[in-house]
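Chemist: Here is my input, please return the structure:
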Amino acid sequence: MSGSDAAASFQADAAAICAQIAAVFSAPSAHPAARSVLVSELAAAATRGARVFVHGVGREGLMMRALCMRLAHLGVPAHCVGDVTAPPAVGGDLLVASAGPGAFSTVDAICGVARGAGARVLLLTARPDGGDFPRRQADVVAHLPAQTMADDEKEEAATPDRSSTRAKLPMGSLYEGAMFVLFEMVVLELARVLGQSPAQMRTRHTNLE
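Modeler: Take a look at the predicted model:
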């Protein structure tokens, strides 16, 4: 493959992936948009001076850590569950947890501990109607209607010859890519709501790197 052909192939793949991520945000849903739910809950937490904790497993967890970093840039006290510097959650705090496929036993357990401590729990998921296991510990659910790896596994088992219809991202998961885009949109809106300028956010970026 020539250099120009390779470049065209890379561009086509990138465009296809971006188009699939963009389509997530126009997908129909019977639930409030995840962006509005997150902005509302995070703004309320900041207004009442609460701390925000974030949690997710695997690649979802990496995206949650990226959100935590941006919240810190906004001046919101934010912590990743599991970090040795994370303080105990107390009444009024907010836990933002992700369970893309609808349920993870570890995520459900963390949510239960947070609620037991009096914290408010927001669950981000691609399957808000996938049973009450994860939702029973959540005060509010944010729906991100993106394909997860679990969806890809089921589709492949049912129709193994339809690979061209599945997401181009590895292992068929659009959820994590959509999480990154969602969180950046949420941060942009929160900056406006909280009156934080780009210059103010930059002053909170670490200089130890």
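Chemist: where do the helices sit along the protein?
Modeler: 3-24, 34-47, 58-73, 105-116, 149-158, 175-194, 198-203 (DSSP state H).
Chemist: lowest-confidence stretch among these?
Modeler: Here these differ in mean pLDDT, and the lowest is helix 149-158 at a mean of 60.
Chemist: Return the distance of the closest residue to residue 54 other than its chain neighbours relative to residue 100.
Modeler: Using CB to CB, 6 or more residues apart in numbering and skipping residues adjacent in sequence, the residue nearest residue 54 is residue 64, 4.2 Å away. Glycine gets a C-beta too; all of them are placed from N, C-alpha and C. In this structure, residue 64 and residue 100 are 11 Å apart, going by CB to CB, to the nearest Å.
Chemist: Spatially central, which residue of this protein would that be?
Modeler: Centroid check for the chain by CA atoms, centre = their mean gives residue 179 as the closest residue, at 4.0 Å.
Chemist: For that residue, give its distance to residue 208.
Modeler: 27 Å.
Chemist: gap between stretch 13-23 and the chain center?
Modeler: Computed by CA atoms, centre = their mean, to the nearest Å, the chain-centroid distance of stretch 13-23 equals 18 Å.
Chemist: Look at the residue nearest to residue 54 and say how many residues are nearby.
Modeler: Residues lying near residue 64 (other CB atoms under 10 Å) number 23.
Chemist: tell me the contacts of it?
Modeler: 54-56, 80, 96, 98, 179 (CB atoms under 8 Å, 6 or more residues apart in numbering).
Chemist: For stretch 32-41, output the C-alpha coordinates as CSV.
Modeler: Coordinates of each C-alpha in stretch 32-41 appear next as CSV, following Å, rounded to 0.1, in the frame of the first residue of the first chain:
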residue,chain,number,x,y,z
PRO,A,32,-33.0,12.3,29.9
ALA,A,33,-29.8,13.0,28.0
ALA,A,34,-26.7,12.0,29.9
ARG,A,35,-25.1,15.4,29.3
SER,A,36,-28.0,17.3,31.0
VAL,A,37,-28.0,14.8,33.9
LEU,A,38,-24.3,15.1,34.5
VAL,A,39,-24.2,18.9,34.3
SER,A,40,-27.1,19.2,36.7
GLU,A,41,-25.7,16.8,39.3
